[in-house]
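K.L.:
Got a sequence here, can you model it:
(one chain, ligands or ions: 1)
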Amino acid sequence: LSGAFRENQSHFKLVLLCTAVSGGGLLAYGESVAPEEAITEKKKVVVLGTGWASTSFLKNLNNPKYDVQVVSPRNYFAFTPLLPSVTCGTVEARSIVEPIRNIFKKKKVDVQFSEAECFKIDAENRKVYCRSSLNNNLNGQEEFVVDYDYLIIAVGANVNTFNTPGVMENCHFLKEVEDAQKIRRTVIDCFERANLPDVSEDEKKRILHFAIVGGGPTGVEFAASLHDFVNEDLVRLYPGIKDLVKITLLEAADHILGMFDKRITVFAEDKFRRDGIDVKTGSMVVKVSEKEISTKELKNGGETKTIPYGMAVWSTGIGTRPFIKDFMTQIGQASRRAVATDEWLRVEGCNNVYALGDCATINQRKVTEDIAAIFKKADKNNSGTLTVKEFQEVMKDISERYPQVELYLKNKQMRNIADLLKEAKGDDKKESIELNIEELKTALSNVDSQMKFLPATAQVASQQGTYLATCFNRMEECEKNPEGPLRFRGEGRHRFKPFRYKHLGQFAPLGGEQTAAQLPGDWVSIGHSSQWLWYSVYASKQVSWRTKALVVSDWTRRFIFGRDSSSI
Ligand code: FAD
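P.N.:
Purely as a prediction, here's the structure:
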């Protein structure tokens, strides 16, 4: 496609249309512009959020041809992977946050920030409606409207309670810095309360029972941090009640850390049992009251149990923010759980709107269809059988196109491919792999279209932010050369390469200076050496030299003096 100039009386008017055309998704130009106008007129980019995705976008954007307006209720970036360390005072809250203005103050790009939350997106009229979270500003007007040429939605996600009664009212969450600070105070308050005179033994036990719901990476890391805090610091200060402390980790699935390699899962469960952390798998929380948690024991025919607790932390995954739900309804995506984009992160169903990070998902259906087509192509004579070599070639092809496929294969509905792959890898004597292409296609298309294709991690969000900034930096160059680089011409390809996630591995800190690390290529390492790797990675990933220095000095302080147990 080429840019078409349409005369509009005596001058040209710029209207840039981002239109997905035929699978490949080429950008099309509806109307174009007189070149001098294009050079002088700055495009208004509105960025919602100051989290991982938006901060990495802002850090990497260096084209001064944009006017950027950032809107977020938080005027800082928070390094979320260290939130569990904040809950126990290993790291101070201020050490993991960086004012957003510090991040863009030296940039060539014109960036403005408004501390407010967006409550409505009007994609048709290119407006976002915002509400200031500060009182009495804007001369009493708390709401304002911002126009945009491009909108970047990076507002993250909400906690997900699965509508379980009593969770909102009685549980703590671990999403924001304030949550971590609140947890830290509550843990210490529980110890002080249990230490008051005239508290019965049973009541002390209840107060000192810490329940964590959700055996994912956050729940597990928090359980491990709490165990260290209690055993390394608090028991020395509260010797009379130390034996009454109990930590329970409740998980509905059969294992904790389900998304990690089996070796890590087994190690973590064994370590927690040795440490005295009660890991209850197959235990689904159905209700939380002020002092008790009710569970349904999935392994014991659905038997219901009640567990008295002093503090509960809910960490079971993420949900959609209400205004994002409204926006999705507006653009015909009401049945989804995250905003669907194409592989260029453009929101499907509207123009010039991009979504990234936890609030977005790359449309999976296209990916599954693509994978099915690769299998079909490999089965040249339609026999439903591939030789092991052919099968391995196919998987290599898929991995190259979709580096995240290994993660994708962890999805239960894709297990048949994963099993086939294991067979192909493990049995050299096997000459062919029985492959029912139709069954495979059905399995692929049955993959829940509501699931997020990429994991909801900082790693994904920040890579997406960097990718989008690169596209925006080159937007003008590409407008002048709309058919894209020579190698793309005639292929129906987009002028930018699609976003490709590069998985760099994941950590699961397990307490006692031990961490499990799962790195690309099925490389697993567990123990003290991985803990040092964790320290170095997380120190190096800090957003500024200031936070790097603060975090490292907090770790050193903790090694020398222990954690602070005052309840401020
Ligand atoms: P966020 O970083 O959540 O940012 C969302 C932004 O949007 C915030 O600034 C928020 O204030 C703003 N916002 C919210 N509502 C509005 C609104 N209405 N209008 C405007 N702005 C709004 N990932 C890893 O890769 N490794 C880890 O070790 C890891 N550990 C984690 C530990 C914890 C405790 C938690 C909670 C998460 C962890 N994650 C980790 C996940 C990671 O933090 C998220 O995947 C990541 O933050 C997603 O980035 P995001 O930019 O989409 O959203």
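K.L.:
Would you mind naming what in the stretch 1-150 of the chain lies close to the ligand?
P.N.:
48-54, 71-74, 80-81, 83-84, 117-118 (Cβ under 6 Å from any ligand atom). Just so you know, the C-beta spots here come from the backbone N, C-alpha and C atoms, and that holds for glycine as well.
K.L.:
Those, buried ones only, as a ChimeraX selection?
P.N.:
Buried members of those, defined by 16 or more other Cβ atoms under 10 Å, are picked up in ChimeraX with:
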select :48,49,50,51,52,53,54,71,72,73,74,80,81,83,84,117,118
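K.L.:
can you tell me which of the residues of the stretch 1-150 of the chain next to the ligand are in strands?
P.N.:
Judged by DSSP state E, those include 48, 71-72, 117-118 as members of strands.
K.L.:
Reformat the residues you listed as TSV; add pLDDT and distance to residue 370.
P.N.:
Shown next, in TSV, are those (pLDDT from 0 to 100; distance: Cβ to Cβ, whole Å):
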residue	pLDDT	distance to residue 370
48	98	30
71	97	35
72	97	35
117	95	37
118	97	33
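K.L.:
Including distance to residue 254, could the residues you listed go into TSV?
P.N.:
Formatted as TSV, these follow (distance: Cβ to Cβ, whole Å):
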residue	distance to residue 254
48	38
71	43
72	39
117	39
118	40
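K.L.:
Looking at the residues you listed, which is nearest residue 470?
P.N.:
residue 48 (19.8 Å; Cβ to Cβ).
K.L.:
That closest one against residue 118, yeah?
P.N.:
Yes. Contact between residue 48 and residue 118 holds when scored by Cβ atoms under 8 Å: they sit 5.1 Å apart.
K.L.:
Which neighbours do the two have in common?
P.N.:
Listed as contacting both residue 48 and residue 118 by Cβ atoms under 8 Å, 6 or more residues apart in numbering are 71, 128, 155.
K.L.:
Which of those residues sits closest to the ligand?
P.N.:
residue 155 (4.0 Å; Cβ to the nearest ligand atom).
K.L.:
which element is whatever residue of the stretch 101-250 of the chain ends up closest to the ligand on?
P.N.:
At 2.6 Å from the ligand, residue 156 is the closest residue in the stretch 101-250 of the chain, using Cβ to the nearest ligand atom. Assigned by DSSP states H and E, residue 156 belongs to no helix or strand.
K.L.:
Now do residue 398: how many residues are near it, please.
P.N.:
By the criterion of other Cβ atoms under 10 Å, residue 398 has 20 neighbours.
K.L.:
circling back: now for the residue of the stretch 101-250 of the chain closest to the ligand: which residues touch it?
P.N.:
49, 51, 53, 321, 357-359.
K.L.:
which non-adjacent residue is nearest residue 142?
P.N.:
In this structure, residue 142 finds its nearest non-sequential neighbour in residue 132, 5.1 Å apart by Cβ to Cβ, 6 or more residues apart in numbering.
K.L.:
beta partners of the one you found?
P.N.:
residue 116 (DSSP bridges).
K.L.:
Return the residues in contact with it.
P.N.:
Taking Cβ under 8 Å, 6+ apart as the test, what residue 132 contacts is 114-116, 138, 142-144.
K.L.:
Buried residues of the helix ranked longest in the chain, list them for me.
P.N.:
As assigned by DSSP state H, the longest helix anywhere in the chain is helix 458-480. Across helix 458-480, burial judged by 16+ other Cβ under 10 Å covers 458-473, 475, 478-479.
K.L.:
Now narrow the residues you listed to whatever sits close to the ligand.
P.N.:
458-459, 461.
K.L.:
Save these as a markdown table, and put in pLDDT too.
P.N.:
Shown next, in a markdown table, are those (pLDDT from 0 to 100):
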| residue | pLDDT |
| --- | --- |
| 458 | 96 |
| 459 | 93 |
| 461 | 96 |
